[in-house]
Structures are given as structure tokens and as C-alpha cells.
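Novice: Next input, structure requested:
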Amino acid sequence: MNDEDQTIVALATPAGEGAIHIVRLSGKEAARIVAACFSPLHPERWEKKEGFTLHLGMFRDGDLEADQVLVGKMPAPASYTGEDVYEINCHGGMPVAQRVITACRRAGAVLAEPGEFTLRAFLHGKMDLVQAEAVNDLIRARTEMAAGLALAQLNGGISAEVRETRQKILDILAGIEAGIDFPEEETDPLARTELLQRLIIAKEHAQDLFAGSRAGRVIREGLATVIAGKPNVGKSSLLNALLREERAIVTDIPGTTRDEIHEYVVAGGILLHLIDTAGLRASDDPVEKLGIERTWKALNMADAVLLLLDARDARSGALAAEERAVLAEYAGKVIALVNKTDLLPPGLEEWAVPELAEPGVCVIPFSVKQRRGFEELAQELKERVWGGEISASGEPRLASLRQQSAVERTLLALEKAEEAMQASAPLDLISIDIRAALEEISQITGDAVEDDLLERIFTQFCIGK
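Specialist: Predicted structure coming up:
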């Protein structure tokens, strides 16, 4: 990232042709740079110290007229970054935007790095780390639900819950360290009992945060949904049907799919991260064998498994060993789609497969060709999402893997501290785990954060945000 004393500039709208482009400028020298380049149509109005105003005028690069623009003035500290911010609204051709950016750079600005405006907002206390990540999530949201989750985080709801838990841990640590600093006042059993009770309450709060973290991840990243089955059962056809485009090659030749195909689709308001995999079968082909190995790894990581079965084989009980293995090992994840029901003899289209009804397995008569069973599949996925730990309430939740991992480590540290407390361990040893829990939960909001973590987070942003 650039030095914080430098004034940064970047295009805040997507590159390309459009009605307008917005060039964003932020920093200590922003006012001077704009004054050097901008000739307002109404100078007397421009000279007033009013913020959040728009001004029409000509933007220049030396003697060259770059464009007629509208300049938005947002003085510090009441701006997005906490610095002086100017947003230059120019016409929407890229050459025009480049002229404006070049003029700002000649006057002393430097190009912003990805996420640098939001990083400065974080460093100046305009938002915490959860809210900063929510900005990026809101930009990248693929569903209404994901946008709602990001907005709830941006409004500070989850940050308040995290800080409440953090304060409880901090109070416990303060109580323990008071006992360590004044050893002449020995901690009586009653005081230890009170500390233990407070520790249990803090742990319960952390558990509540963690319980919603997987839900937040699914909303943010999508339900990892593996399409599995033996070759030529219709996996690639299902992927294409869900995407409504010919994404995967479909042929009568077994083993066409050798590697994973990843795509995203929204079904019933739920974002699905679809993973089409190599067909499950015994193979001597070294390339196909690698693909099959990846299929089993994908099954282990999946949130849901769409296991396609040939209706004719299922009806006769001729399921392959690999199909039975998936049903047995991943029953809690499996939705069995008994495909090609259109090839069954008349009168058997509604036939089901009782022997497949293992605990957790949903069986749906299906036909990709006739688009039969798709509504039932969407409903089943919704049931698994809404009927489980994820709700449509829009309440704020931890969403990123970073946040989830931090609260998990917080929980582990609190559990170790609780065990040590119940075993009557010395307070100085217990304080080590409490302090570790405090450090981990502080990472979530950025109350304690390392520079390399900030770089990892903000380089994922787009330039101009």
C-alpha cells in the first residue's frame, strides 16, 4: 500500500464505456490537487467550506481541457476515508477518465492500490475490520441473501456481538490478573467459582458466534454442491440444465469429464457452488483415475451431494459399488436424483427407491431431459438450508473463513481455560489461555491486528474501493 501521507486516486466505477465514470481522490493534498485542476462554474459557491456538495466546472490537465465534470466535495473527517475526499464525475469513456486521473497524478496524487480507500477508512476509525470486509462482500454479493448479510455486517450488528464477547473475556482476564498482582490477597474458592461462571458465560457467547459462522459462510460463498455419479448418468447434463447453458461437454462416451468444473447458480434464492466431477468407476486410465480421486476429495468437502442414479439400474437394484459407497458414507449430505425416469416403461414414472432411503438421504424421481424434479430439488435444498442452522432473518453473522477460524480458536482457548479452572490450576497458567482467547477474538474486528493480515484482506478488494 502507499504511504498514508500520500494522496491517492483511482477509478471508482468499472472500467469500460458508460454514462459516467467516477474518479475518487483522497488524502491530505486532495484539496490542493483539485484546486490546481478544477475550474468551477461558480467559484463563489466552490470557495465555501460546505461539504457534501456538487460543483459543475472544467477539469484541466495543464492547458488541456480534460472534461466538463461534477465534483463532489467531502471534507475530513466526515468522509468515507476520514480524509478529504473528492469524487470527480466525468463522462463515461475510458480516455476521458484517464485524462482526469493523469491530471490528478501530475498534480501530486498516486494511484491507489486495491482496497486502499477502505483500508484508510479502517485506519482512521471509520469502520472496524468486519465492516470493512462487509464492504467487499456487498460489492461481490451474488444473491439477495448475501447482500442482506453484508449490509447487516456493515451496519455493525455482528461487531457489537463480537465486542460484547470480547469485553466479557477482558473482564475475566482483569479479574485473574488482579489476583496475580496481589498474591497476599489469596483468591478464595468463592472468587474462583465466580470467575468460572463468568468464563462459562463468555464461552457460551463465543459458541453462539461460532454456531452462525458456517451459516454466514454458506450465504457468502455458496452451498458447496457436488454432482456425483457413475459415467453417462447425466451429471454434465444436469450442470448444463442448472446453468441453462452448454458449459460441460455431453457425449455418449464414458469418462468425458476428467477434471472438476466449478460454476455458481442461484436456486430458490440459494447460491450453489456447483462442482461437476469425474464419473465414479474403476478405471485403468491414469488421467481418469486422477479425476476420480478428486471426486472423492470433493465429496469430503461438500455441503451437499447430488448423486445421480440411472432409474433403470435403481429399479433393478443394480447399483454400482461406488454408488452404494457414496450413499453409505455421505448419507447426511446426499440427495439421490433417480435420473432418466423418462426411459422407464409407462406407468413406472412415479416409482421410488425404498432401499435408498437411508437416514438423511432424500430420493427424487428425476429427468434432466424432461426437466422433471427440478422444483423438488430446489425445495429440498431450501429445506436443508432454512431447516438447519441458516435462517432467512437477515440477522448479522460471521461470514468469512478468517472470522470463522478466529472465533473457533477463541472457543478452544476458552475451553482450555475452563478445564484448567475446574482442575484448580494456578491463576497465572489460566491467564495464558484467557489472554490467547482475547487476542483471537480481537482479530475479528481488528482491535488487535497485524499488518500482513490487513494486506491479505484489502488486496482482495477492487481498485477504487
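
Novice: who does the strand ranked longest in the chain pair up with?
Specialist: What stands out as the longest strand in the chain, according to DSSP state E, is strand 64-74. Using DSSP bridges, strand 64-74 pairs in its sheet with strand 53-61 (antiparallel), strand 85-91 (antiparallel).

Novice: so which of those strands is the most packed in?
Specialist: Across these, averaging neighbours per residue (mean count of other Cβ atoms under 10 Å) puts strand 85-91 on top, at a mean of 22. C-beta: built from backbone N, CA, C; applies to glycine.

Novice: Skip ahead from that one and say which helix or strand is next.
Specialist: helix 94-106 (DSSP states H and E).

Novice: Within its sheet, name the partner strands of the helix or strand following that following helix and how each one runs.
Specialist: Heading C-terminal from helix 94-106, the first helix or strand you meet, by DSSP H and E, is strand 110-111. The pairing partners recorded for strand 110-111 under DSSP bridges are strand 8-11 (parallel).

Novice: doesn't residue 399 make contact with residue 219?
Specialist: Yes - counting by Cβ atoms under 8 Å, residue 219 does reach residue 399; the two are 6.7 Å apart.

Novice: What are the boundaries of the strands in the stretch 251-400 of the chain?
Specialist: For the stretch 251-400 of the chain, the strands defined by DSSP state E, counting those that start in this stretch occupy 261-267, 270-276, 304-310, 334-339, 362-365.

Novice: nearest to residue 446, of those strands?
Specialist: When the strands of the stretch 251-400 of the chain are compared by Cβ to Cβ, strand 270-276 sits nearest residue 446, at 26.8 Å.

Novice: Can you name every helix or strand that that closest one contacts?
Specialist: On a contact count with 3 or more Cβ pairs under 8 Å, 6 or more residues apart in numbering; DSSP states H and E, strand 270-276 meets helix 144-154, helix 213-221, strand 223-228, helix 235-243, strand 261-267, helix 374-386.

Novice: looking at the ones you listed, which has the lowest confidence?
Specialist: Among the helices and strands packed on strand 270-276, helix 213-221 has the lowest mean pLDDT, at a mean of 75.

Novice: what's in contact with that helix?
Specialist: Applying Cβ atoms under 8 Å, 6 or more residues apart in numbering, the contact partners of helix 213-221 are 137, 143, 145-146, 149-150, 271, 273, 303, 385, 389-391, 397-401, 403-404, 407-408.

Novice: Helix or strand: which one has residue 5?
Specialist: Counting by DSSP H and E, residue 5 is part of no helix or strand.

Novice: tell me the contacts of it?
Specialist: Residue 5 makes contacts with 27-28, as judged by Cβ under 8 Å, 6+ apart.

Novice: what's the distance between the helix of greatest length in the chain and the middle of its chain?
Specialist: If you go by DSSP state H, the chain has its longest helix at helix 157-181. Centroid displacement of helix 157-181 relative to its chain, using Cα atoms, centre = their mean, to the nearest Å, is 27 Å.

Novice: Give me the contact list for that helix.
Specialist: By Cβ under 8 Å, 6+ apart, the residues outside helix 157-181 that reach it are 128, 130-131, 152-153, 185, 187, 191, 195, 198-199, 201-202, 205-206, 208-209, 395-398, 410, 414, 427-428, 430-431, 434-435, 437-438, 441-442, 444-445, 447.

Novice: following that helix, which helix or strand shows up next?
Specialist: By DSSP H and E, the next helix or strand past helix 157-181 is helix 189-211.

Novice: which residues sit against that next one?
Specialist: Counting by Cβ under 8 Å, 6+ apart, residues outside helix 189-211 touching it are 161-162, 164-165, 168-169, 171-172, 175-176, 179, 389, 398, 404, 407-408, 410-411, 414-415, 417-418, 421-422, 424, 434, 437, 441.

Novice: quick one on the thing from earlier: so which of the helices and strands packed on strand 270-276 gets nearest residue 279?
Specialist: Residue 279 lies closest, by Cβ to Cβ, to one member of the helices and strands packed on strand 270-276: helix 235-243, at 7.0 Å.

Novice: Tabulate the CA atom coordinates of the closest one in PDB.
Specialist: Only the C-alpha atoms of helix 235-243 are listed here, as PDB (Å, rounded to 0.1, in the frame of the first residue of the first chain):
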ATOM      1  CA  LYS A 235     -24.000 -35.300 -14.400                       C
ATOM      2  CA  SER A 236     -22.900 -32.800 -17.100                       C
ATOM      3  CA  SER A 237     -26.400 -32.600 -18.500                       C
ATOM      4  CA  LEU A 238     -27.600 -31.600 -15.000                       C
ATOM      5  CA  LEU A 239     -24.900 -28.900 -14.700                       C
ATOM      6  CA  ASN A 240     -25.800 -27.500 -18.100                       C
ATOM      7  CA  ALA A 241     -29.600 -27.600 -17.200                       C
ATOM      8  CA  LEU A 242     -29.000 -25.800 -13.900                       C
ATOM      9  CA  LEU A 243     -26.800 -23.100 -15.700                       C
END
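
Novice: Just name whatever secondary elements it is in contact with.
Specialist: Helices and strands touching helix 235-243, by 3+ Cβ pairs under 8 Å, 6+ apart, are strand 223-228, strand 261-267, strand 270-276, strand 304-310.

Novice: tell me the angle of the last one relative to strand 334-339?
Specialist: If I follow you right, that is strand 304-310. Relative orientation of strand 304-310 versus strand 334-339 (axes from the mean of the first three to the mean of the last three Cα atoms, to 10 degrees): 30 degrees.

Novice: neighbouring strands for strand 304-310, and are they parallel or not?
Specialist: Paired strands of strand 304-310, with direction, are strand 223-228 (parallel), strand 334-339 (parallel) (DSSP bridges).

Novice: Please export the alpha-carbon coordinates of the last one; CSV is fine.
Specialist: Translated: strand 334-339. Taking Å, rounded to 0.1, in the frame of the first residue of the first chain, the C-alpha atoms of strand 334-339 are listed here in CSV:
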residue,chain,number,x,y,z
VAL,A,334,-26.9,-37.0,-0.3
ILE,A,335,-29.8,-36.0,-2.4
ALA,A,336,-30.4,-39.0,-4.7
LEU,A,337,-31.7,-37.9,-8.1
VAL,A,338,-33.1,-41.0,-9.8
ASN,A,339,-32.4,-39.8,-13.3
